[in-house]
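A.B. asks: give me coordinates for this.
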Amino acid sequence: MNRRIVGCTALLLVIAAAGAYAKKPKPSQAADQQKRALHAIDRLTFGPRPGDVQAVMAMGVDQWIDLELHPDKIDNSAMQARLAEYRTLSMSSHDVVLAFPSGQVAKAAMDGKVQMPSDPYRRAIYIAAVDRVEQKQEQKQNNANAPAQAGVAVQPADLNQKQAARKEAHSVVDDLILLPPSQRMQRILAMPVAEQHDVLQGIPYPKRQALLDGLSPEQRETVVALNHPEAVIDGELQSAKLLRAVYSDRQLEEVLTDFWFNHFNVFIGKGADRYLVTAYERDVIRPHVLGKFRDLLVATAQSPAMLFYLDNWQSEGPNSDAAMGRPAAFVGMRPYGARANAARQQAANQQKRSSGLNENYARELMELHTLGVNGGYTQQDVTEVARVFTGWTLDQPQRGGGYVFRARLHEPGDKTVLGHHIKQNGENEGIEVLTLLSRQPATARFISTELAQRFVADDPPKSLVDAMAKTYLKTDGDLREVMRTMFRSPEFWAPEAYRARVKTPFEFVASSLRATEGEVLDPAPLLQVLNKMGQPLYGSQPPTGYSTKSEVWVNSAALLDRMNFGLGLATNKIPGTSFNLAQLMNSASAAKDGAPTIDNSAGFGDTTDPYQVELKLEQMLLAGDISKQTHDVIEQQIVTPQLTAAGQSAPNAPNVNVIAGLLIGSPEFQRK
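C.D. replies: Residues are numbered from 1 along each chain as shown. As a prediction, this is how the structure comes out:
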């Protein structure tokens, strides 16, 4: 296959896409059941798989939507089995910290404040972590003692020696790969820490996979954690999110979990949140996506991940007992006894460490979580809400500790929020404010607008938002009923809503894998693809989360990345993921037997004929909704002759997988 020809074809599609994104393809005049089913699948899932349209039509679109609104009725055991090897997904934050220690925990172990584990795998992780702390301390001391040289960067004297040792150590991997898994693991654990680091650092992907092949989940985690304990947590959480999007049978639940996590965004890269986000999504977001909004709001407010991310755990009332240095009351204590003096000293120490009132959470609570930027609140409301939430803090967040209310940090006195008088009532003040905010008309409209933007259009019709907000207020924020109102609305099914949204990178990658029945054996390379496309999972630093608006994700560089991904997926150039064109063709053929089918006027024909393959793939991947321009550009890949080494033209023998890749990268596939 002439790479120049493929490159030109891809470039033409990108150029065509630049204009095509501005105007979506018009649906056919007849809004038939097939198009209705496809539209529902596009919006409620991460994209159709072969046969999904036929299955939904057979069940009935309305019945299928109702089933998706009740995910507990959908068997998802296959998904759970696929995730079983990711052990951190079911661990508490505290257990995750102990299993994969941060530098702080490793230092505590080094100082004897944390007991070294007896389990050989965990012990090896701790020994390696302690060694890293010691190395950093030693390096810091060396830098402090080194003579200052103006304009000259101080480099370790043995840098070249270390590089040579690492190069030599990588050759050890070849020997390890040949060993049975149990012996391989024993050999790795028996290595000195320095050798472990050199051997496991920067291994090329194929060798890394061969090294991990055959190991148990715990053994694989241990090998990774010997150098990067936090990478185990990040990798398993991100991998699980991608796999759920691709394979879960509870698709609406996954779409909503992604939506609400983004709404209540927490950045995994901020300190202790690396250890807290797993439980945040599992215990706070996922259980509430179809419940009452108030319950979701309270759960996020008391979540260790949110308290740490927006710094509320450090917020202290200016007139609180802690800030004023007032000692706690001790029943039966003499006013000037030793215990009372100790209490005064503790209060004085706390006063020195006081970080004052923090308004971060209060501001984002109203601007991003409930009322919206134009929701009618003032700066005074922000300050008052911040006072309300003083004392909502954490017990040792770096150790995975949970939410706790500390009365000594709470600002005394009554408060006024949105004109409502909040009587002094400690922790309950926060619950009262969250309830108040959850029931505001501005909140109903803001939440309805965001949902409609995600499921209908970037600029949703006012009539739809009004109907959803009315249901929200009528049902006290029942999110399932709000969703039901949206799915039953004429605006959701309007012709102009059909493929009106551009997929985010995450939606694009997940939908590509679903459409092609790609088998993900290792999600890590796909996670790197998302990083390159600008949407690392759990990686949005600002509390706004990732935008879902089309304009954010449409530019020439982004479209070229998507085209390259489509070609890489279809031609099996993405490590850890496999694509089988013949299997995909067979799935489509089987789907049409005994069920309503996509228009197959082109027929399934001879799958060795590239023209028939293109027509069939257009039906399978795009339901036939492809512009003449896109079709003609891809067809050029078939009809353009190749050049021989002598510069003469020769009949083209097209790689039909490339046709699939070009269709995945086409402007039509980018829409939903």
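A.B. asks: list the contacts of the nearest residue to Thr45 once chain neighbours are set aside.
C.D. replies: With C-beta to C-beta, 6 or more residues apart in numbering as the criterion, Thr45 has its nearest non-adjacent residue at 3.7 Å, and that residue is Gln251. Bear in mind the C-beta positions are built from the backbone N, C-alpha and C, glycine included. By C-beta atoms under 8 Å, 6 or more residues apart in numbering, the contact set of Gln251 is 44-46, 68.
A.B. asks: ok, of those, which come out buried?
C.D. replies: Among these, those classed as buried by 16 or more other C-beta atoms under 10 Å are 44-46, 68.
A.B. asks: okay, and which of the residues you listed map to strands?
C.D. replies: Counting by DSSP state E, the buried ones among the contacts of Gln251 place none of their members in strands.
A.B. asks: which among the residues you listed gets closest to Asn265?
C.D. replies: Phe46 (19.3 Å; C-beta to C-beta).
A.B. asks: now the buried ones among the contacts of Gln251 in TSV, with distance to Glu281?
C.D. replies: TSV is the format used below for those (distance: C-beta to C-beta, whole Å):
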residue	distance to Glu281
Leu44	20
Thr45	19
Phe46	16
Glu68	20
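A.B. asks: can you tell me which of those residues are in helices?
C.D. replies: Secondary structure defined by DSSP state H assigns 44, 68 of the buried ones among the contacts of Gln251 to helices.
A.B. asks: among the buried ones among the contacts of Gln251, list the two that are farthest apart in space.
C.D. replies: Phe46 and Glu68 (12.4 Å).
A.B. asks: quick one: buried residues of the lengthiest helix in the chain?
C.D. replies: Criterion DSSP H: the longest helix present in the chain is helix 120-145. Within helix 120-145, the residues that count as buried by 16+ other C-beta under 10 Å are 121-122, 124-133.
A.B. asks: now tabulate these in CSV and tack on pLDDT.
C.D. replies: Formatted as CSV, the buried residues of helix 120-145 follow (pLDDT from 0 to 100):
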residue, pLDDT
Tyr121, 96
Arg122, 96
Ala124, 95
Ile125, 96
Tyr126, 95
Ile127, 94
Ala128, 94
Ala129, 94
Val130, 94
Asp131, 92
Arg132, 91
Val133, 91
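A.B. asks: on that earlier part again, closest one of the buried ones among the contacts of Gln251 to Ala452?
C.D. replies: Leu44 (14.0 Å).
A.B. asks: from memory that closest one sits against Leu252, does it?
C.D. replies: Yes: using C-beta atoms under 8 Å, Leu44 is in contact with Leu252, at 4.8 Å.
A.B. asks: before we move on, back to that, among the contacts of Gln251, which one lies nearest to Ala467?
C.D. replies: Leu44 (18.4 Å).
A.B. asks: could you list the low-pLDDT ranges of this structure?
C.D. replies: 1-31, 147-169, 328-354, 588-608, 639-654 (pLDDT under 70).
A.B. asks: domains of it?
C.D. replies: Here the domain parsing of the chain from automatic domain parsing is 3-28+501-664, 87-140+161-234, 248-318+356-438, 442-497.
A.B. asks: can the ones you listed go into CSV with extra columns for distance to Ala240?
C.D. replies: Shown next, in CSV, are the domains of the chain (distance: least, C-beta to C-beta, whole Å):
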stretch, distance to Ala240
domain 3-28+501-664, 8
domain 87-140+161-234, 6
domain 248-318+356-438, 9
domain 442-497, 21
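A.B. asks: out of those domains, which is closest to Asp62?
C.D. replies: domain 442-497 (8.3 Å).
A.B. asks: measure how far the closest one is from the centre of its chain, please.
C.D. replies: How far domain 442-497 lies from its chain's middle: 24 Å, per C-alpha atoms, centre = their mean, to the nearest Å.
A.B. asks: OK, contacts around Ala467?
C.D. replies: 485-486, 489.
A.B. asks: could you pull out the helices for the stretch 351-500 of the chain?
C.D. replies: Here the stretch 351-500 of the chain has its helices, by DSSP state H, counting those that start in this stretch, at 360-364, 379-388, 427-438, 441-455, 462-474, 479-487.
A.B. asks: Asp459 - how many residues pack around it?
C.D. replies: Applying other C-beta atoms under 10 Å, we find 11 residues neighbouring Asp459.
A.B. asks: distance of it from Val173?
C.D. replies: Distance from Asp459 to Val173, counting by C-beta to C-beta, to the nearest Å: 54 Å.
A.B. asks: ok, now how distant is Val502 from Ala457?
C.D. replies: Note on Val502: its distance to Ala457, by C-beta to C-beta, is 11 Å.
A.B. asks: neighbour count: these two, which is higher?
C.D. replies: Val502 (22 against 18).
A.B. asks: out of everything not next to it in sequence, what's closest to the more buried one?
C.D. replies: Per C-beta to C-beta, 6+ apart, closest to Val502 is Ser550, 3.7 Å.
A.B. asks: so the one you found touches Glu507, yeah?
C.D. replies: No: if you go by C-beta under 8 Å, Ser550 and Glu507 don't touch, sitting 11.5 Å apart.
A.B. asks: the two: which has the busier surroundings?
C.D. replies: Glu507 (23 against 19).
A.B. asks: next secondary structure after the helix or strand where that one lies?
C.D. replies: If you go by DSSP states H and E, Glu507 is part of helix 505-516. Next helix or strand after helix 505-516 toward the C-terminus (DSSP H and E): strand 519-520.
A.B. asks: and that next one, what other elements does it pack with?
C.D. replies: When contacts are defined as 3 or more C-beta pairs under 8 Å, 6 or more residues apart in numbering; DSSP states H and E, strand 519-520 sits against helix 229-247, strand 577-578.
A.B. asks: indicate which one of the ones you listed is closest to Phe389.
C.D. replies: Among these, helix 229-247 sits nearest to Phe389 (C-beta to C-beta), with 27.2 Å.
A.B. asks: now that closest one and helix 505-516, what's the angle there?
C.D. replies: 50 degrees (axes from the mean of the first three to the mean of the last three C-alpha atoms, to 10 degrees).
A.B. asks: so for helix 229-247, what gets flagged as buried?
C.D. replies: 229-230, 232-247.
A.B. asks: what does stretch 38-45 give?
C.D. replies: In stretch 38-45, counting by 16+ other C-beta under 10 Å, buried: 38-45.
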